[in-house]
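Undergrad: coordinates only, sequence not included:
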């Protein structure tokens, strides 16, 4: 499996020596694209101009390979994803043992994302190619692993394969599989995966050291943002006689089960803000409340909370040159950069107005 392969290619020091790995990561961080680059890229006249600009960046080698299949926006998107995977693997190959364990635990979120992408695709009976287009193999599961899972054809076969491989994600899926087969409620599978991961990761990051605590706080913020988005979605949803508690993810930093249930019982966004204003998330919700009222889209809050999470990731790498924060900050900054580039590539290719693209970016 991919875990053994990745371990065998690691070059970083053992134990807790952060000097070598962090020096390498700082060098990589210095090459992240600046806000002015994105501003110029959004004004590109067409996808050809986007490609020409990106060929002068660290994305050139992946672009050269993918563009052999055609100078299309889809191939550029694939090249961006390839670069992100290569970059994450490079970082994981040079960091020390402690950082590796902490970071791969946090990157388990991407394994969940990928399995959920496959589950949704199989649920919707999409073609294999359509499913694999959405995969980002930067967790423990390699692209080969994910391709094999995509070929299973249906949810039951997917769960059987995960169990055969002795992967932990098969456990929560198998528990809810009978209910899913009875009513085909996709949320059962997705919630099972999210809950399993958040509980597992919280246990993995229980150590008392500074790096464990920093990683645990970052995980907690991730879980909090998911719970808050869920509460905001529940404002406009009719869940009937379902207990809102079933949607709660444990392992958050500030959003306790009681706070989640209080928020889920609110009837409008003003009440949600009143309940949140004394928490770190109050200002974030307040800043976009008007935009939410105008658009009626929960995506406004989702984007704002993603921005909050990114700022916390960036901050994790400040002021601690010999800790795991630099690695966390860089990896999330890199993922954000790729996300922004993919937005611009798609925007330019379909003629999206620059103002609209700018709203979608987190820079």
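TA: Yes, it's here. Nothing here was measured: the structure is a model prediction, and the numbers come from that model.
Undergrad: Leaving out sequence neighbours, find the closest residue to the residue positioned nearest the centre of the chain.
TA: What sits nearest the mean C-alpha location of the chain, by Cα atoms, centre = their mean, is residue 110, with 5.7 Å. Spatial nearest neighbour of residue 110, excluding adjacent residues (Cβ to Cβ, 6 or more residues apart in numbering): residue 139 at 4.0 Å. For glycine as for every other residue, the C-beta is placed from the backbone atoms N, C-alpha and C.
Undergrad: list the contacts for the one you found?
TA: 104, 107-111, 114 (Cβ atoms under 8 Å, 6 or more residues apart in numbering).
Undergrad: Check the secondary structure at residue 236 for me.
TA: Classification of residue 236 by DSSP: H, G, I helix; E, B strand; the rest coil places it in coil.
Undergrad: Pretty sure it sits against residue 298.
TA: Yes - between residue 236 and residue 298 there is a contact under Cβ atoms under 8 Å: 7.3 Å.
Undergrad: who has more neighbours, those two?
TA: Neighbours of residue 236 and residue 298, each counted by other Cβ atoms under 10 Å, are more numerous for residue 298; the result is 19 against 10.
Undergrad: residues contacting the more buried one?
TA: 229, 232-233, 235-236, 292.
Undergrad: for residue 326, same thing?
TA: 18, 22, 25-26, 29, 316-317, 320.
Undergrad: try residue 32
TA: Residue 32 neighbours (Cβ under 8 Å, 6+ apart): 330, 333-334, 337.
Undergrad: same check, this time on residue 58
TA: Neighbours of residue 58 in contact, by Cβ under 8 Å, 6+ apart: 31, 83.
Undergrad: run the last query once more with 6 Å
TA: residue 31 (Cβ atoms under 6 Å, 6 or more residues apart in numbering).
Undergrad: rewinding a little: check the contacts of residue 298 for the minimum pLDDT and say which it is.
TA: Within the contacts of residue 298, pLDDT reaches its minimum at residue 236, with 72.
Undergrad: which residues touch that one?
TA: By Cβ under 6 Å, 6+ apart, residue 236 has no neighbours at all.
Undergrad: Walking through the stretch 51-200 of the chain, point out its helices one by one.
TA: 60-66, 73-94, 97-106, 108-123, 128-132, 143-150, 155-164, 170-183, 186-204 (DSSP state H, counting those that start in this stretch).
Undergrad: one step back: next one, pLDDT for the residue nearest to the centre of the chain please.
TA: The model's pLDDT for residue 110 equals 94.
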